[in-house]
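> need a 3D model of the sequence below.
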Amino acid sequence: MKKLLFIVLVAIMLCSCGNNNEAVTVKIAEGESVSIIAQTLKDNGLINSKLLFKLKVDDTDGYLKPGQYTIKKGTSQKEIIAILKAGVSENVPVTIPEGYSVEMIAKTLEDAGVCSQNEFLDACNKTDYDFDFLKGINPKGNYKLQGFLYPNTYYFTLNMQAEQVVKIMLSEFQKQITYNGVTTENLYKKVTVASLLQREAKVQSEKPTIAGVIYNRLKIDMLLQIDASVVYGVTDGMYDITAVYNSHLKSNSPYNLYKFKGLPPGPISNPDIQSIVAAQNPQSHDYLYYRTDENKKDGTHIFTKTFNEHLNANN
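Now for the predicted structure:
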């Protein structure tokens, strides 16, 4: 009988509680028994067996702390128990969209109760985090880590240390560039170009083409004239205007690429890996101009070699 019970428990242990990334929030009240906690977890699809969970808790000889927890389905029982023992309650899912600036991320994190804007901005102005890719950069933009905070959905905790939040996002950046073969040579320049691509390109397939335009203009010392960089400068990184006016184009901000040649001082957003790869591997062509295709209205652009072609592109 004991042997049969062991086999059943092993089978339960091997059975997945769910292999998707759906997260559920559970509340553990003060004084709740392990049996009640196990039932709550089972009801929410986080465990398969109350018995196995209780046995595992007994093995840890640990106290499960009350609180509200957001846990991904598919999380192992060992990890769930560790979370409940540590009392790291209120795991908050925070989505950082591609193209968000440090300034926008700071507001998002404060709104979610993770950390304050000022603490996060301070944490983004340091480069002494233990990541090899940071050793070769020479940041000159508004925030030293602008461009290196990888956009993703993260699970943070309430009132988390801002430096820890930054480390998690830098770790994801490291993982993405390593997996996708992005080298650290001229990384700051690549990420700066990628940040422009992220705000300019609506279609992923056009990113290498737009990257080629940027490098072609840089090669002949031609103004980049990229609106997104102007907007970054005049909105203090918040991108909260819907149009660019002549007054904006007269701004003395170093991010005004209608007035100052070359790249902006630093990245203007935090790009996804597709933008970074495109910045490393631009398409080779002779285009110097691009404009939205008003006929297709699908976010694609018309690329041209001369200014006259550019003016007549939508005719």
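
> so which residue is smack in the middle of this protein?
residue 151 (1.0 Å; C-alpha atoms, centre = their mean).

> what are the boundaries of the strands in this structure?
Secondary structure of the chain (DSSP state E): strands located at 23-28, 67-72, 91-95, 153-157, 289-292, 301-304.

> what's the end-to-end length of stretch 115-128?
Using C-alpha to C-alpha, to the nearest Å, the end-to-end distance of stretch 115-128 comes out at 20 Å.

> can you give me the mean pLDDT across that stretch?
On average, the pLDDT along stretch 115-128 is 96.

> how about residues contacting that stretch?
102-103, 105-107, 109-110, 134, 137, 139, 143-146, 149, 159-163, 165-166 (C-beta atoms under 8 Å, 6 or more residues apart in numbering). C-beta: built from backbone N, CA, C; applies to glycine.

> and if you look at stretch 210-223?
Stretch 210-223 is contacted from outside by 193, 196-197, 200-201, 224, 226, 257-263, 278-279, 281-290, 301, 303, using C-beta under 8 Å, 6+ apart.

> narrow those residues to those in helices?
Counting by DSSP state H, the contacts of stretch 210-223 place 193, 196-197, 200, 278-279 in helices.

> please, a ChimeraX command that selects the buried ones among these?
Buried residues among those (16 or more other C-beta atoms under 10 Å), as a ChimeraX selection:
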select :193,196,197,200,278,279
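
> sort the ones in helices among the contacts of stretch 210-223 by pLDDT and name the bottom one.
In terms of pLDDT, the lowest of the ones in helices among the contacts of stretch 210-223 is residue 200, showing 95.

> next, count neighbours for the spatially closest residue to residue 228 that is not a sequence neighbour.
Closest residue to residue 228 apart from its sequence neighbours, by C-beta to C-beta, 6 or more residues apart in numbering: residue 199 at 3.5 Å. By the criterion of other C-beta atoms under 10 Å, residue 199 has 21 neighbours.

> residue 71 too?
For residue 71, the neighbour count with other C-beta under 10 Å is 19.

> grab the nearest non-local neighbour of residue 225.
Of all residues not flanking residue 225 in the chain, residue 258 sits nearest, at 5.2 Å (C-beta to C-beta, 6+ apart).

> name the spans of the stretch 51-200 of the chain whose pLDDT lies under the cut-off.
By pLDDT under 70, the weakly predicted segments of the stretch 51-200 of the chain are 60-62, 88-91.

> who's in contact with the nearest residue in space to residue 250 that is not next to it in sequence?
Nearest residue to residue 250 in three dimensions, chain neighbours excluded: residue 259, at 7.5 Å (C-beta to C-beta, 6+ apart). Taking C-beta under 8 Å, 6+ apart, we find residue 259 in contact with 223, 249-252.

> ditto for residue 139
Applying C-beta under 8 Å, 6+ apart, the residues contacting residue 139 are 127, 145-146, 188, 266.

> which of those residues fall in helices?
In helices, judged by DSSP H, the following of those are found: residue 188.
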